[in-house]
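> What follows is a predicted protein model with its sequence.
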Amino acid sequence: MCQQAAFASQDAAYPSKPVKIVVGYAPGGSSDAVARLVAGRLSEKLGQTFVVENRPGAASNIAAATVARSPNDGYTILLGSNASTINVSLYKELSFDFQKDFTPVALLTRFPNVMVVNNTVPAKSVQEFISYAKANPKGIFFASSGAGSSTRLSAELFKMMTGVEMEHVQYKGSAPALTDLMAGRIQVMFDTAPSVMPLIKGGKLRALGVTSASTQPFAPEIPTIDASGVKGYEMTSWYALFAPAGTPAGIVEKLNKEVNAILEEKDTQEKLAGMVATPGGGTPEELRQHVAAEITKYAEVVKASGATAD
């Protein structure tokens, strides 16, 4: 049997043993939930166990480094995210190159942040907030859950595109940040939808806009920041699967096909909606292009913000 035929045979038999999906965050969060949802369905569809391994630390860089060093046989896969593309600019030295050392497999989900203010802020819309912030250039503070988090960079992009002045206050997570926001010590935050929607619905915070390019089914009444006058604004978080570079194309194509089928299932879509996320999908090449565009965009925002993790 020639080498090419041998590889084709291996690809057809894949997976013949358990597959590991490595997640760069602790159990219990949205990344873990998405990974376990997809892993469970892949196990059922492909007749082999897909297990989730949590390797938190360094904004998911520990997990990425682990997968980058793994054999490129399709049995160790990374759950990557927008953090993976932010880290390219945020960290001066990484032990891997996210574009060169990984093969895109499939985009799983997208989910936006929501721009929220406390109830003492008089603004009822994005444009009213811009006017309010420009009238109080030294009195606006925004919270984030980390130096290179989407919560910070969503605000930094907003600053870049509107010219408003806002001072960054970093917290060790969303919970303490939201506590200070509701108490009036912070004026605004661009936090994840699952964190803030209960507070919005409970009247404890006021939503001004979503960071995605289109309105969201979980709250169609909240306009996009783009449609609110900040043309071109978009900052959407996402999760996707990546394999080590050099993983056989047949394996990548099989995983991509199965994931796309899973994302079209009504049950999967309902479960993702419960996480305030929308299904991804598409080809590996489309994911590759998406990653390249995200790296370019975040490099500009990180540079403008002065954010660093080193």
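Received it, and whenever you're ready, just let me know what you need. Numbers count the residues shown, from 1 in each chain.
> can you pull out the helices in the stretch 201-310 of the chain?
Using DSSP state H, counting those that start in this stretch, the helices found in the stretch 201-310 of the chain span residues 249-263, 266-274, 284-305.
> Ok, which of those comes nearest residue 177?
Evaluated over the helices of the stretch 201-310 of the chain, closeness to residue 177 peaks at helix 284-305, with 16.9 Å, by CB to CB. (Glycine included, C-beta is placed from N, CA and C.)
> so what does that closest one touch, helix or strand wise?
Counting contacts by 3 or more CB pairs under 8 Å, 6 or more residues apart in numbering; DSSP states H and E, helix 284-305 packs against helix 82-90, strand 102-117, helix 150-162, helix 249-263.
> For residue 304, which of these is the nearest?
Closest approach to residue 304 among the helices and strands packed on helix 284-305 is made by helix 150-162 (5.4 Å; CB to CB).
> Which of the residues in the closest one are classified as buried?
The neighbour-count check on helix 150-162 (16 or more other CB atoms under 10 Å) flags 150, 151, 152, 153, 154, 155, 156, 157, 158, 159, 162 as buried.
> again with stretch 279-299
279-284, 287, 290-291, 294-295, 297-298.
> Give me the residue ranges of this structure where confidence is low.
1-10, 310 (pLDDT under 70).
> Residue 54 against residue 32, yeah?
Yes: the pair residue 54 / residue 32 is scored as a contact, 6.5 Å apart, by CB atoms under 8 Å.
> what do these two both touch?
23, 25, 26 (CB atoms under 8 Å, 6 or more residues apart in numbering).
> residues contacting the nearest residue to the last one once chain neighbours are set aside?
In this case it means residue 26. Nearest non-adjacent residue to residue 26, counting by CB to CB, 6 or more residues apart in numbering: residue 56, 4.6 Å away. By CB under 8 Å, 6+ apart, the contact set of residue 56 is 24, 25, 26, 62, 63.
> Give me whichever of the helices and strands packed on helix 284-305 is most buried.
Of the helices and strands packed on helix 284-305, the one with the most neighbours on average (mean count of other CB atoms under 10 Å) is strand 102-117, at a mean of 25.
> contacts for the strand or helix carrying residue 177?
Per DSSP states H and E, residue 177 falls inside helix 174-183. The contact list for helix 174-183, computed with CB under 8 Å, 6+ apart, reads 116-118, 143-145, 151, 169, 171, 186-189, 191-192, 195-196, 199, 204-205.
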